[in-house]
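Enquirer: how would this look folded up:
(one chain, ligands or ions: 3)
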Amino acid sequence: MITTKNSNDISLIGVPLQLGANRSGVDMGPTAIRSSNIQARLETLGFHVSDCGDIEVNRLQDRCDPDEKLKYLAEIVRVNTKLAEMVAQEMGKGRFPLVIGGDHSIAIGTIKGILQHVNKLGVIWFDAHTDVNTEFTTTSGHIHGMSLAVLLGHGHASLTSIGGADKKLDPRNVVIIGARSIDPGERLFLKEQGIRVFTMYDIDKYGMKAVMDEALERVSAGTDGIHLSLDLDGMDPREAPGVGTPVEGGITYRESHFAMEYLHEHGALVSAEIVEVNPMLDVNNRTAKSAVDLAGSLFGERIL
Ligand SMILES: NC(=[NH2+])NCCC[C@H](N)C(=O)O
Ligand SMILES: [Mn+2]
Ligand SMILES: [Mn+2]
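Expert: Ligands and ions are numbered 1, 2, ... in the order given. I've put the predicted structure just below:
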């Protein structure tokens with residue numbers, strides 16, 4: 001198994017997709033993250049980073065029907081299918097895939113790609129939201145609010161079948177950290193699936209260390225590796241303002257770093273993605289910079 005502990009090779013894959021959030025700016029996330037020097041930062045830590053460039057996205061889609069429940073479905077399926085192939089291909093070469101978005105719908109492609117190689121995958125979903133809507137529960141029609149449900153095997157067949165319908169996550173090995181905006185249909189789904197959600201209440205009550213201890217136990221139990229899906233809106237919008245769906249009362253800069261450092265220390269990370277950075281909404285590039293700082297901690301930077 002290729003992990004950050006035993007692979008020195010990282011493949012950086014950009015996905016300038018904004019259609020899942022139906023909001024412009026997040027398609028410039030990969031550019032903002034690259035210009036905040038992610039590659040040099042990881043190379044300083046001893047990794048060899050090869051940049052695979054961006055997956056091409058056709059942004060000029062027909063404007064969709066405002067009542068539609070799966071906005072821009074066809075192009076999102078096309079891009080995620082391509083992403084899944086690329087991630088699987090890079091992993092097949094023994095490299096660690098690091099995907100930079102783009103909106104959170106790209107988690108579908110990333111994780112479906114990983115599942116081609118890793119049978120039992122644990123997932124840490126760092127997010128203000130839980131992204132477990134389907135076309136039946138969504139009020140926005142935005143697919144970035146559905147990606148985790150799809151990865152658990154629920155939602156539109158053209159999404160769940162990407163990379164094979166049998167490739168899915170086990171809800172027992174999925175944890176969400178930082179949640180504070182959960183839609184009514186999502187509450188029901190999370191309960192039915194038995195997914196462990198660490199809300200801001202849990203982080204306040206127990207502290208990030210205790211939360212991470214339980215999270216790591218769950219994502220490690222019986223799995224062959226851990227994936228981190230890092231939605232920057234999990235952080236407090238005062239510290240990461242450049243996101244399309246900010247929610248007050250989030251994870252602090254330091255708590256976020258601790259989570260990344262602790263995850264690195266634990267090992268077993270096989271892949272990661274950084275999503276929802278929107279430079280058009282950002283303040284002095286703070287959010288892209290935070291994203292790169294967090295990647296530094298995730299890949300082994302230490303204060304001392
Ligand atoms: N990845 C995200 N930022 N998701 C936000 C989702 C917001 C809302 N729950 C929706 O389904 O529209
Ligand atoms: Mn999200
Ligand atoms: Mn979110």
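Enquirer: residues contacting the residue in the stretch 51-200 of the chain that ligand 2 sits nearest to?
Expert: Closest residue of the stretch 51-200 of the chain to ligand 2, Cβ to the ion: residue 104 (3.6 Å). Where you see a C-beta, it was placed from the backbone N, CA and C, and this is true even at glycine. With contacts defined as Cβ atoms under 8 Å, 6 or more residues apart in numbering, residue 104 is in contact with 20-21, 127, 131, 144-145, 147, 229, 231, 275-276.
Enquirer: please, where are all the helices along the stretch 1-150 of the chain?
Expert: 29-35, 38-44, 73-92, 107-114, 147-151 (DSSP state H, counting those that start in this stretch).
Enquirer: and the contacts of the fourth one?
Expert: With contact meaning Cβ under 8 Å, 6+ apart, helix 107-114 is reached by 15, 76, 79-88, 91, 97, 99, 121, 123, 131, 147-148, 150-151, 159, 162-164, 167, 169, 225, 227, 229, 270-271, 273, 275.
Enquirer: intersect those residues with the contacts of ligand 1.
Expert: residue 131 (Cβ under 6 Å from any ligand atom).
Enquirer: related to what we said a few turns ago, which one of the contacts of residue 104 sits closest to residue 71?
Expert: residue 20 (8.0 Å; Cβ to Cβ).
Enquirer: correct me, but that closest one touches residue 80?
Expert: No: between residue 20 and residue 80 there is no contact under Cβ atoms under 8 Å: 9.1 Å.
Enquirer: what is in contact with these two at once?
Expert: 105-106.
Enquirer: so residue 179 bridges to which residues?
Expert: Note on residue 179: beta-bridge partners by DSSP bridges are residue 199.
Enquirer: kindly report the residues of the protein close to ligand 3.
Expert: Contact residues, the chain versus ligand 3 (Cβ under 5 Å from the ion): 127-129, 231, 233.
Enquirer: would you mind measuring from residue 11 to residue 49?
Expert: As defined by Cβ to Cβ, to the nearest Å, residue 11 lies at a distance of 8 Å from residue 49.
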